[in-house]
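K.L.:
Quick one, what's the 3D model for this:
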Amino acid sequence: MASSADIPSGGSRPAGPGSTGTAVRKKDRTHFLYMAAIAAVVLGAVLGLAAPEAGRALKPLGTRFVALIKMMIAPIIFCTIVLGVGSIAKAATVGKVGGLALVYFMLMSTFALAIG
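P.N.:
Numbering: from 1, shown residues only. This is a model prediction of the structure:
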């Protein structure tokens, strides 16, 4: 068993033999999505400039993609409203300010859903 003198000042023990004792950072998987989206925009612009006919041939694919995005807007906003109202319902118990905040949130969320 290690004594308190064997434990580094950070409060944790090294990972094992041959370890430097540094923590391994967890990779951010969303970074790949950002980079892929930027690459897709750049490649689309290059394709449109270099081969406009090929770009026009891909128009149905782009139209379907935009239709899918539009289809997902309403459910996402609805779920956001439901979760928001569920979490802010406790604020209504604090009085008039909480009630006004709840009404404002519901009105603005419904307005956003109507626009979407």
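K.L.:
Any buried residues in the helix-or-strand element of the chain with minimal mean pLDDT, and which?
P.N.:
The helix or strand of the chain with the poorest confidence is helix 96-115; it has a mean of 79 (mean pLDDT, DSSP states H and E). For helix 96-115, a neighbour-count test (16 or more other C-beta atoms under 10 Å) marks L102, F105, S109 as buried. (Glycine included, C-beta is placed from N, CA and C.)
K.L.:
The first one and V85 touch, don't they?
P.N.:
Yes - in this structure L102 lies within contact range of V85 using C-beta atoms under 8 Å: 7.3 Å.
K.L.:
Adding distance to T80, write the buried residues of helix 96-115 out as TSV.
P.N.:
Converted to TSV, the buried residues of helix 96-115 look like this (distance: C-beta to C-beta, whole Å):
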residue	distance to T80
L102	15
F105	10
S109	7
